[in-house]
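please work out how this folds:
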Amino acid sequence: VQLQASGGGLVQPGGSLRLSCAASGSIALIHAMSWYRQAPGRQRELVAVAFSDGNTDYSDFVKGRFTISTSRVKDKKMVDLQMSGIKPEDSAVYYCNAKRISQDYWGQGTLVTVSS
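Prediction:
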């Protein structure tokens, strides 16, 4: 499984941003796709997860502000993260993740910088 993330950039506080991640390769048995983030000096943390049964879950610090969604585009499985009401503390490198059977796959990360 290969993951390619995109959509990061500079955004003002209160603004919106949409991150996208495309999974390709052996995507048939992916059972969950997630977004994590890692700020400088901090551990990587889960932001949101979308399960193959349609359920989603969010960390408390993004509930009501971020929305995760998945879709299928040709031979790729997409996971998007719609970010709104962005705060300075949302600045981080965002990583997409796919769980397939017992293995984790990671994208390369996309930087989100929140600044006025």
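
measure stretch 34-50 end to end?
6 Å (CA to CA, to the nearest Å).

contact partners of it?
19, 21, 32-33, 56-59, 62, 66-70, 79, 81, 89-99, 109, 112 (CB atoms under 8 Å, 6 or more residues apart in numbering). Just so you know, the C-beta spots here come from the backbone N, C-alpha and C atoms, and that holds for glycine as well.

check stretch 4-21 too.
By CB under 8 Å, 6+ apart, the list of residues contacting stretch 4-21 from outside reads 3, 22, 24, 33, 35, 78-88, 93-96, 107-116.

now the closest residue to S116 other than its chain neighbours: phi and psi?
With CB to CB, 6 or more residues apart in numbering as the criterion, S116 has its nearest non-adjacent residue at 5.3 Å, and that residue is Q12. For Q12, the backbone dihedrals (degrees, to the nearest 10) come out as phi -80, psi 150.
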